[in-house]
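Peer 1: sequence? don't have it. structure:
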Ligand SMILES: NC(=O)c1ccc[n+]([C@@H]2O[C@H](COP(=O)([O-])OP(=O)(O)OC[C@H]3O[C@@H](n4cnc5c(N)ncnc54)[C@H](O)[C@@H]3O)[C@@H](O)[C@H]2O)c1
Ligand SMILES: CC(C)[C@@H](O)CC[C@@H](C)[C@H]1CC[C@H]2[C@@H]3[C@H](O)C=C4C[C@@H](O)CC[C@]4(C)[C@H]3CC[C@]12C
């Protein structure tokens with residue numbers, strides 16, 4: 001919990017605070033933001049773990065709400081000094097409609113912006129995504145790029161489209177006058193593939209491997225690099241930006257920052273095996289076991305099955321045309337913009353991040 005040495009005067013709001021990233025942001029704020037007086041956690045689905053947070057010196061206020069409902073957002077934002085907006089539908093598996101993804105990720109973000117303007121909240125940090133940049137629809141690699149690397153960010157899938165639109169809204173809102181006459185200061189953080197305690201996709205891979213007798217089968221060439229970043233470092237970057245945004249508004253306002261740490265560059269599957277291997281799984285094959293055209297066919301078949309089964313059940317496998325294309329396209333970042341602009345250094349080393357994630361996988365139900 002925060003050290004009470006400093007004046008506890010600030011009110012923070014974290015939207016999506018019960019999600020995979022959101023929970024880490026909430027816990028990081030309580031541990032490392034000594035100026036916190038109240039921490040508001042706004043989410044469609046509140047977690048039971050919130051109760052344990054209410055015993056400390058910081059007032060923790062759980063708010064069950066929907067970012068698509070402007071009045072609910074405005075009520076939650078009113079009186080907050082800082083808003084960290086992580087709430088969103090992270091759906092690349094066809095679980096929800098494109099309209100719903102847009103309504104939550106874009107309209108929901110617009111509602112957060114308007115709530116800040118109408119109620120006088122001056123600092124807004126938005127959790128964007130690497131997918132605002134790519135991989136693009138042409139499957140062009142983004143190899144150890146940074147925030148200024150030229151790249152044709154053209155998307156068709158509802159999720160990256162919604163993240164790109166929402167990020168644009170946030171950055172364009174920088175400088176708008178809020179209630180009280182002062183300017184709104186915004187910035188957007190772009191995590192690459194986040195991993196760590198609570199990562200649902202990692203859990204899905206683990207269970208898939210258990211079902212296949214402790215084996216996973218390589219589908220993507222080992223040469224395809226995918227950027228990954230530990231959830232604790234992403235949370236730390238959010239806390240740091242929230243702390244520095246006021247003093248460095250001229251430099252940081254309206255800026256985007258990739259989230260990065262010292263996690264190694266590997267293929268998505270090889271990177272996952274850093275955690276699943278020590279938990280008893282084995283990745284079969286030094287090369288993809290199927291030709292790419294067969295994977296494309298299977299991905300298309302999954303899309304057809306999802307459509308046919310929709311009246312009966314939700315069928316949303318990991319493999320679909322979009323996830324295959326993303327997995328099969330190199331996308332890695334190499335930047336120090338966050339360090340240069342607000343002194344960011346990863347809080348957790350690669351070794352610590354790996355150890356923490358392995359320990360978490362070992363607690364996942366069904367683990368050996
Ligand atoms: N997971 C990643 O690899 C990754 C990478 C880059 C960016 N991001 C971004 O980080 C953010 C959090 O992602 P995550 O992986 O923690 O996802 P998550 O699904 O675990 O968390 C999202 C949270 O938002 C909440 N939410 C969804 N719709 C809502 C609504 N209408 N109103 C209020 N709350 C709502 C959910 O209940 C959930 O708690 C998202 O904006 C996502 O785009 C995630
Ligand atoms: C079935 C195989 C082809 C298997 O390798 C598919 C992996 C696939 C499910 C993941 C590969 C890359 C992931 C995405 C990437 O890490 C970045 C993302 C941005 C973030 O904002 C949301 C999550 C995601 C889209 C992430 C989703 C899973 C992958 C597509």
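Peer 2: Alright, I've got the coordinates. Everything numeric here is computed off the predicted structure, so don't read it as measured data. Numbers count the residues shown, from 1 in each chain. Ligands and ions are numbered 1, 2, ... in the order given.
Peer 1: distance of residue 125 from residue 284?
Peer 2: Distance of residue 125 to residue 284, computed by C-beta to C-beta, to the nearest Å: 42 Å. C-betas here are computed from N, CA, C, even on glycine.
Peer 1: Neighbour count for those two, which is higher?
Peer 2: Remark: of residue 125 and residue 284, residue 125 carries more neighbours, 28 against 12, as counted by other C-beta atoms under 10 Å.
Peer 1: Find me the pLDDT at whatever residue of the stretch 101-250 of the chain ends up closest to ligand 2, would you?
Peer 2: Closest approach between the stretch 101-250 of the chain and ligand 2, counting by C-beta to the nearest ligand atom: residue 193, at 2.6 Å. In the predicted model, residue 193 carries a pLDDT score of 97.
Peer 1: how about it, what does it touch?
Peer 2: By C-beta atoms under 8 Å, 6 or more residues apart in numbering, residue 193 lies in contact with 130, 226-229, 268.
Peer 1: quick one: which of those sit in helices?
Peer 2: Among those, the residues falling in helices (DSSP state H) are residue 268.
Peer 1: Specify which member of the contacts of residue 193 is nearest to ligand 1.
Peer 2: Set against ligand 1, the nearest of those by C-beta to the nearest ligand atom is residue 130 (6.1 Å).
Peer 1: Backbone dihedrals for the residue of the stretch 51-200 of the chain found nearest ligand 1, please?
Peer 2: Using C-beta to the nearest ligand atom, the single residue of the stretch 51-200 of the chain nearest to ligand 1 is residue 88, 3.1 Å away. Note on residue 88: backbone dihedrals following degrees, to the nearest 10 are phi 180, psi 170.
Peer 1: That one is in contact with residue 105, isn't it?
Peer 2: Yes - applying C-beta atoms under 8 Å as the test, residue 88 and residue 105 come out as touching, 4.9 Å apart.
Peer 1: shared neighbours, the two?
Peer 2: When contacts are counted by C-beta under 8 Å, 6+ apart, residue 88 and residue 105 are jointly contacted by 162-163, 166.
Peer 1: Mind putting those into a markdown table with distance to residue 212 and pLDDT?
Peer 2: Shown next, in a markdown table, are those (distance: C-beta to C-beta, whole Å; pLDDT from 0 to 100):
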| residue | distance to residue 212 | pLDDT |
| --- | --- | --- |
| 162 | 33 | 98 |
| 163 | 32 | 98 |
| 166 | 37 | 98 |
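Peer 1: Now do the phi/psi pair for residue 55.
Peer 2: For residue 55, the backbone dihedrals (degrees, to the nearest 10) come out as phi -100, psi 0.
Peer 1: same deal with residue 70?
Peer 2: For residue 70, the backbone dihedrals are phi -60, psi -40 (criterion: degrees, to the nearest 10).
Peer 1: Report the contact partners of the closest residue to ligand 1 within the chain.
Peer 2: Closest residue of the chain to ligand 1, C-beta to the nearest ligand atom: residue 19 (2.1 Å). Contact analysis of residue 19 by C-beta under 8 Å, 6+ apart lists 43, 86-87.
Peer 1: change it to 6 Å
Peer 2: For residue 19, the contact set (C-beta atoms under 6 Å, 6 or more residues apart in numbering) is empty.
Peer 1: Remind me which helix or strand the nearest residue to residue 67 once chain neighbours are set aside belongs to.
Peer 2: Nearest non-adjacent residue to residue 67, counting by C-beta to C-beta, 6 or more residues apart in numbering: residue 108, 3.3 Å away. Using DSSP states H and E, residue 108 sits within helix 108-119.
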